[in-house]
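K.L.:
sequence-free structure coming up:
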C-alpha cells in the first residue's frame, strides 16, 4: 500500500492486487483493505468515480485481477453546513464512544430535503461538538441507523469512527438486539410469528416501500403478541433480524395487521387523534465497541402511547 497526496484536500491510497485476491469484487477487496471505512461508503466512492484500476475508473461490479494497481481517492471530510442547535435531548446513556438517545415523536433523525433544522443531528452537533463519527458523510455525523420521524425510542449514535465501524459491522451481521412495541389492527390466532419478505421501493408510489421480489432486500421480522386489546387492536413486540426502511410497518400491513395511526400503510383515517404510527423502539442491545461486553438499553413508552393503552384496555 502507498499513500500519496493529490492536494491538501484529498488522500490517495494505492494497492497492487495480490494473487490470492484475484477475481474479487472491487468493493469487497477495498473493504478488506480499508477496514476503517464501511463498505457502503466505499461503494459510494466507487460510484462517484473515486476508484481506478490501472488508471481507469471502475464500477462496483469490477473484479480485480492479480497485478492491478488500484487507486482509491478519499475526499477530505467537508465542513458540515448543518447548524448546531440547542435542542433538548433525552439522553439514556453516554460515554466516549456512544450516546444513546430516546428520540421523541416528530423529530427527524438527520437533515434532508424539507428538514434542515430541528433534527437530531442539529441537537447532537450542539451537545457533542466535534465528537461524532464522520463515516456516513456530512449530513449524518455519528448516525449508524435511523428510525422514522414519528417512531419514538432508543437510538445509538457513534462519537468516533472506531465505534461507528463496530456498530455498522454488528448491524450487518444482525447481532444487534432491536425490539419495538406497536399497536396494530386486528387480533391474532397465534401468539408468535415471523414475517419474511424482501423490501424495496414500491413499484408505483416511490414514496412508499413494499414487499418487492424484484428489487427488494431480504427482511425478517419476528413478532410476539403481548396483549389483546379492545376495539379489535393488539399490542405486539417486534424484533428485527434486518433493518430495512419501514420494515415493521410494511411487514405487519402485509399480513393484515397495519399499525394504528399509520396512514401510509394502513387506513387513511384513524379512530384516534394520532401523529403517525404507534411504534416505539423500546430495546437496543449491542457489543460495546471498546469493552466488548454486551450492553442493553431501554426507552420507556412515551406518554401518548401509555394514554392510548389505557383507553384500549
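P.N.:
Alright, I've got the coordinates. Note that the coordinates shown come from a computational prediction; the quantities given were computed from them, not determined experimentally.

K.L.:
Report all helices and strands that the lengthiest helix in the chain contacts.
P.N.:
Longest among the helix segments of the chain by residue count, using DSSP state H, is helix 161-172. With contacts defined as 3 or more CB pairs under 8 Å, 6 or more residues apart in numbering; DSSP states H and E, the packing partners of helix 161-172 are strand 152-158, strand 279-287. No exception for glycine: its C-beta is placed from N, CA and C like everyone else's.

K.L.:
starting at the chain centroid, how far to it?
P.N.:
Centroid separation between helix 161-172 and its chain, computed with CA atoms, centre = their mean, to the nearest Å, is 11 Å.

K.L.:
Let me know the angle separating that helix from strand 279-287.
P.N.:
Angle of helix 161-172 versus strand 279-287, following axes from the mean of the first three to the mean of the last three CA atoms, to 10 degrees, is 110 degrees.

K.L.:
avg pLDDT for helix 161-172?
P.N.:
Averaging pLDDT along helix 161-172 gives 92.

K.L.:
do the same with stretch 306-313
P.N.:
96.

K.L.:
Buried residues in that stretch, which are they?
P.N.:
For stretch 306-313, the buried set under the neighbour-count rule, 16 or more other CB atoms under 10 Å, comprises 308, 309, 312.

K.L.:
can you list the weak-confidence ranges in the stretch 101-250 of the chain?
P.N.:
When the per-residue scores of the stretch 101-250 of the chain are filtered using pLDDT under 70, the ranges that remain are 113-114.

K.L.:
Walking through the stretch 51-200 of the chain, point out its strands one by one.
P.N.:
51-53, 56-57, 69-74, 91-94, 98-103, 152-158, 177-185, 192-196, 199-201 (DSSP state E, counting those that start in this stretch).

K.L.:
Could you say which of the ones you listed is packed most deeply?
P.N.:
Most buried of the strands of the stretch 51-200 of the chain, by mean neighbour count (mean count of other CB atoms under 10 Å): strand 152-158, with a mean of 26.

K.L.:
which among the buried residues of stretch 306-313 gets closest to residue 184?
P.N.:
Residue 184 has its nearest neighbour among those in residue 312, at 11.5 Å by CB to CB.

K.L.:
Adding distance to residue 33, write the strands of the stretch 51-200 of the chain out as CSV.
P.N.:
Formatted as CSV, the entries for these read as follows, by distance: least, CB to CB, whole Å:
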stretch, distance to residue 33
strand 51-53, 11
strand 56-57, 18
strand 69-74, 8
strand 91-94, 33
strand 98-103, 26
strand 152-158, 22
strand 177-185, 30
strand 192-196, 34
strand 199-201, 30
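
K.L.:
for these, which one sits closest to residue 32?
P.N.:
Distances from residue 32 to each of those were compared using CB to CB; the shortest belongs to strand 69-74, at 11.8 Å.

K.L.:
Counting only helices, which of the buried residues of stretch 306-313 make the cut?
P.N.:
308, 309, 312.
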